[in-house]
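> With the input below, show me the fold.
(one chain, ligands or ions: 1)
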Amino acid sequence: MSEQDTIFSKIIRREIPADIVYEDDMALAFRDINPQAPIHILVIPKKPIPKLADAVPEDYTLMGHLLLTAKRVAEEQGIQNGYRVVINNGHEGGQTVFHLHLHVLGGRQMEWPPG
Ligand code: AMP
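A predicted model of the protein is given here:
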């Protein structure tokens, strides 16, 4: 198992199950196993970038694609009235899985500030 091999790499390779809602050549989206809202989807790049701070200029197109994938997934899940997209970056940012991911949360009123 390489340093960049996380539970999300195993989901990409179908080595562990996930409730996948979208896939293309660059990205995968699946339901969070511990949902914090009625709809809670994770959008991840297939490229194993550990965290946002590790993204480089060559990831420019991929990063835009992930945001557009979050928008697409939200529309497909019927939460276009409002949703939140979150990236936790690093330990102090609350990140626990070190494979970049966007949380798409919706289906309830979101509060601010987050904890
Ligand atoms: P973060 O704290 O931003 O790193 O988010 C990691 C997220 O991954 C958490 O919301 C977890 O509930 C979620 N998670 C961990 N393992 C799995 C899994 N096997 N399938 C789906 N979601 C997972």
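> For this structure, what lies in contact range of the ligand?
Ile7, Ala18, Asp32, Ile33, Asn34, Leu42, Asn88, Gly94, Gln95, Thr96, Val97 (Cβ under 6 Å from any ligand atom). Any C-beta I mention is one placed from the backbone N, CA and C, and that applies to glycine too.
> if we go to 8 Å?
By Cβ under 8 Å from any ligand atom, the residues of the chain that approach the ligand are 7-8, 11, 16, 18-19, 30-36, 40, 42, 86-88, 93-98, 101, 103.
> Just the buried ones from the residues you listed?
Those of those that meet the buried threshold are 8, 11, 18, 30, 32, 40, 42, 87-88, 95, 98, 101, 103, by 16 or more other Cβ atoms under 10 Å.
> Among the residues of the chain next to the ligand, which are located in helices?
Using DSSP state H, Ile7, Phe8, Ile11 are the members of the residues of the chain next to the ligand that sit in helices.
> mind putting these in CSV, pLDDT and distance to Arg72 included?
Listed next are these as CSV, based on pLDDT from 0 to 100; distance: Cβ to Cβ, whole Å:
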residue, pLDDT, distance to Arg72
Ile7, 98, 24
Phe8, 98, 19
Ile11, 98, 19
